[in-house]
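Participant: build me a model from this:
(2 chains)
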Amino acid sequence: MAASYKKLILNGIFSENPVFRLALSLCPAVAVTTSVRNGFLMGVAVLCVMTMVNITVSILRNLINPKVRIPAYILIIATYVSITEMMMRAYSRTAYKQMGLYIQLIVVFAIIISRAELFASRNKVLPSAADGFGMGLGFLGALVLVGAVRELIGKGSIAGFHITASSPLLIMVLPTGGFFVIGLLMGLFNWIDQRYYGGRPGGGGGGHH
Amino acid sequence: MDTEKNPQVEARVFRASVGPHISSGESVPHIMWTVSAALLPAAGLSIYYFGLPALSVLVLSIVSAIVFEALAQKLAGAKITISDGSAILTGLLLGMNLPASVPFYLPVIGSAVAVIITKQLFGGLGYNIFNPALIGRAFLMASFPRFMTTWPLPQGSLSLARPDAVTGATPLGILKEEGYRKLLSHFASRHDMYVQLLLGHRGGAMGETGIVALLFGAAYLLYKGYITWHIPVTFIATVAVLTAVFGGDPWLAMLSGGLVLGAFFMATDYVTVPQLKRAQVAFGLGCGIITALIRLEGGYPEGVCYAILLMNCFTPLLDRAFKAKKFGEASAKA
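Facilitator: Residues are numbered from 1 along each chain as shown, chains lettered A, B, ... in the order given. Predicted coordinates:
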């Protein structure tokens, strides 16, 4: 049993990475990843919300009438997003100022509702928690990676530590750079997957929020 | 698509055709080399004006474009096609779009973006959506705004050129920042300004100056039938008309910035513009409107590059919208 939890968690990180493999929630992946710090904070927020949403949906899965399941999921997601937002506002004022809008937007992230619908509503609580945690970790990892590349090339620093005096390639911290980096990393992920794990070409599911 | 690798397909194509055929001798490499050659007078003039830095920028962008093309094709396991001349043309056009004073790594980075990201990642020659040289330029513009908007002064002199002609900024930059009257004060007369602009004695990207030489090359391409008038003429005329309508100087609008280079050499790239004549007119119109909008209302002094790139997005749509009606086709409702 333990092995399958491990598999569920790794699934979200690698073979079904939300950003690089499922191409979901690309909007925040482009918008907030101008630095490692922003990517990390956003990723942690999503990780918490996803795990809790998956657990809650799984607990309530037999009580929710299928006809109103989407509004019910949205309510559950909105609840946890509100909690996350308030926590952030209380404990990390500067981060909240930078990303407040995007934290609120977590409500409509496609990756969260798709995991609630596709996984948590059909599985028991612990596997759902593992799935949400894995997906959240995958998202967190992707955002930190994109943020690191963009910060390094765009600002010449890593997590705020300056490596070069001036910015090497300014375009990387502009939205355009976000598309460049995500596209290239997605290609790299697919290449590794095809070459070493025999996977099919993936990604390109169409980006929703 | 790939008839070279599959002789059977090729044979079938030949059998299906009727009547005697004469090979025109035209080929992609031939066209690429001819277009490159048509740019040479303008390139030569810019080297004359801006000296060795201009030469080194051009050589660097061309050489790195070739190297990156070969590298990308080798990594992808594809056939290396650097001899088809398309990488050389991309490098040359990119170089012509840069100020002569940029540091050595700008043309190299620009070529990498143009050839690897814009062209090869989309599938190579014939599959790219955007004009590679222009994406390279836009990338550099966003990354190195300071280098990309520092314009060196022409150093050489032609008999008509005055030493105190426009210096430091491009004519369009002066127009945007300080107004028409100020721009005019740099020249002896309005007529003198037109002549100077035509001869290219002014600040600007290498390919923006020396309009005479550009027109010479363009005339050759038109004569050879490699480009048609549809896009360039509509493009330039639209900019002139819109500028005149909004109270500007249409002649200045036509002779300044990268309009001539863009209209004749980049808005006519076979891959990224519509193939149907009516769609080409619409393409030129769109380019003209966007250029005029950016110049008159936008934050940048020049908008040719972005106008062409934006219209590149519409190319498939335009080709579909203006598709010729097939006669004798039954309508779906009948």
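Participant: quick check, central residue of the chain?
Facilitator: In the absence of a named chain, chain A is used. When CA atoms, centre = their mean is applied to chain A, the residue found nearest the centroid is A:F139 (2.9 Å).
Participant: should've been chain B
Facilitator: Per CA atoms, centre = their mean, the C-alpha nearest to the average position across chain B is that of B:M266, at 2.5 Å.
Participant: pull out the buried residues from stretch A:176-193.
Facilitator: Neighbour-count burial for stretch A:176-193, with 16 or more other CB atoms under 10 Å in any protein chain shown as criterion, is recorded at A:177-178, A:180-182, A:185-186, A:189-190, A:193. C-beta here means a position set from N, CA and C on the backbone, and glycine is covered the same way.
Participant: wait, I meant stretch B:83-101
Facilitator: Neighbour-count burial for stretch B:83-101 flags B:84-100 (criterion: 16+ other CB under 10 Å).
Participant: in helices, which of these fall?
Facilitator: The helices in this structure, assigned by DSSP state H, contain B:86-96 from the buried residues of stretch B:83-101.
Participant: closest one of those to chain A?
Facilitator: Distance from chain A was checked for each of these by CB to the nearest CB. The minimum falls on B:L94, at 15.8 Å.
Participant: neighbours of the spatially closest residue to the closest one that is not a sequence neighbour, how many?
Facilitator: Take B:L94 and drop its neighbours on the chain: the residue closest to it by CB to CB, 6 or more residues apart in numbering or on different chains is B:A133, 4.3 Å away. In terms of burial, B:A133 registers 30 neighbours under the definition other CB atoms under 10 Å in any protein chain shown.
Participant: so B:A133 makes contact with B:N97?
Facilitator: Yes - taking CB atoms under 8 Å as the contact criterion, B:A133 and B:N97 are neighbours in contact, 6.2 Å apart.
Participant: helix/strand/coil for the residue nearest to B:L94?
Facilitator: Following DSSP: H, G, I helix; E, B strand; the rest coil, we place B:A133 in the helix state.
Participant: Three-state assignment for A:V19, please.
Facilitator: For A:V19, the reduced secondary structure class is coil; criterion used: three-state DSSP.
Participant: quick check: closest non-adjacent residue to it.
Facilitator: Take A:V19 and drop its neighbours on the chain: the residue closest to it by CB to CB, 6+ apart is A:A142, 3.8 Å away.
Participant: got the contact list for that neighbour?
Facilitator: A:17-20, A:29, A:43, A:185 (CB atoms under 8 Å, 6 or more residues apart in numbering or on different chains).
Participant: which residues does the residue lying farthest from the centre of chain A contact?
Facilitator: Largest separation from the mean C-alpha position in chain A: A:A165, at 31.2 Å (CA atoms, centre = their mean). For A:A165, the residues meeting the contact criterion (CB under 8 Å, 6+ apart) are A:G156.
Participant: same check, this time on A:L174
Facilitator: Applying CB under 8 Å, 6+ apart, the residues contacting A:L174 are A:154, B:142.
Participant: let's go with 6 Å and repeat that
Facilitator: Contact analysis of A:L174 by CB atoms under 6 Å, 6 or more residues apart in numbering or on different chains lists B:A142.
Participant: coming back round to it: next one, pLDDT for the residue nearest to B:L94 please.
Facilitator: At B:A133, the predicted lDDT confidence score is 94.
Participant: and B:F104, how many neighbours?
Facilitator: The number of residues near B:F104, taken as other CB under 10 Å, comes to 11.
Participant: could you do the one 10 residues further on as well?
Facilitator: B:A114 sits with 34 neighbouring residues when counted by other CB under 10 Å.
Participant: in space, what's closest to it - neighbours in sequence excluded?
Facilitator: B:G136 (3.4 Å).
Participant: what's the answer for B:K79, then?
Facilitator: Of all residues not flanking B:K79 in the chain, B:Q73 sits nearest, at 6.8 Å (CB to CB, 6+ apart).
Participant: hang on, isn't the one you found packed against B:I82?
Facilitator: No - the pair B:Q73 / B:I82 is not scored as a contact, 7.9 Å apart, by CB atoms under 6 Å.
Participant: name the element the nearest residue to B:F264 once chain neighbours are set aside belongs to?
Facilitator: Of all residues beyond its chain neighbours, the one nearest B:F264 is B:A218 (3.9 Å), with distances taken as CB to CB, 6+ apart. Per DSSP states H and E: B:A218 is located in helix B:211-224.
Participant: list the contacts for the closest residue to A:H162 other than its chain neighbours?
Facilitator: By the measure of CB to CB, 6+ apart, the closest residue to A:H162 outside its immediate chain neighbours is A:G156, 6.3 Å from it. A:G156 makes contact with A:163-164, A:167-168 under the criterion CB under 6 Å, 6+ apart.
Participant: how far away is A:L8 from chain B?
Facilitator: In this structure, A:L8 and chain B are separated by 33 Å, where distance is defined by CB to the nearest CB, to the nearest Å.
Participant: ok, and the closest non-adjacent residue to that residue?
Facilitator: With CB to CB, 6+ apart as the criterion, A:L8 has its nearest non-adjacent residue at 4.1 Å, and that residue is A:A130.
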